[in-house]
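Q: sequence? don't have it. structure:
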């Protein structure tokens, strides 16, 4: 019985190894079933992402070659903290000098990554619909003081999304939509590229 049993185990292991080796490695991004807004990516005219020390604005433009995306990014680098004044030593004029934060601005065309981002944003779907939240629930999910705000323009219509904490144990994010006063969980690949 021993060799027969080991032979069966070997065949099962070989079949599992073959199926793992030949499986399709392309994983479709998860989008979810809960519609946050239904406009299409082609309708996006601009978007603006504002976080504590950075902003990103992307506009849809066109020229003789067709439609393209143009980005303006601003990043603020906070100055280092002032060293503490030692006891018994007066702060001199050099110690009182304030250092302004450094602001880096750049503009650039957005290629394929921008097209993928727009496809993830419109139509925007959530993985979970958390419904209307109490103040305590907003605080728990980081939505009482959002880490960033995303505004997407569809011509004259604007849709806003407030971004909260990441979901525990993953990269997906809690978001709040002021338009319908509901909270959702959106996939990581919607927020991360921003």
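A: On my side now, so go ahead. As the structure is a prediction and not an experimental result, all values here were calculated from the model.
Q: please count neighbours and contacts with C-alpha atoms only from this point.
A: Noted.
Q: which residues of this structure fall in helices?
A: Remark: helices of the chain, listed N- to C-terminal, are 2-22, 93-96, 112-121, 135-140, 188-191; assignment by DSSP state H.
Q: need those in JSON lines (columns: distance to residue 71).
A: Converted to JSON lines, these look like this (distance: least, CA to CA, whole Å):
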{"stretch": "helix 2-22", "distance to residue 71": "40"}
{"stretch": "helix 93-96", "distance to residue 71": "38"}
{"stretch": "helix 112-121", "distance to residue 71": "9"}
{"stretch": "helix 135-140", "distance to residue 71": "31"}
{"stretch": "helix 188-191", "distance to residue 71": "16"}
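Q: ranking those by burial, who's on top?
A: By mean neighbour count, with neighbours taken as mean count of other CA atoms under 10 Å, helix 188-191 ranks first of the helices of the chain at a mean of 19.
Q: pLDDT on that one, on average?
A: Across helix 188-191, the average pLDDT comes to 87.
Q: show me what it is packed against.
A: Helices and strands touching helix 188-191, as assessed by 3 or more CA pairs under 8 Å, 6 or more residues apart in numbering; DSSP states H and E, comprise helix 112-121.
Q: which secondary structure elements does the helix it packs on sit against?
A: Contacting helix 112-121 under the criterion 3+ CA pairs under 8 Å, 6+ apart are the following elements: helix 188-191.
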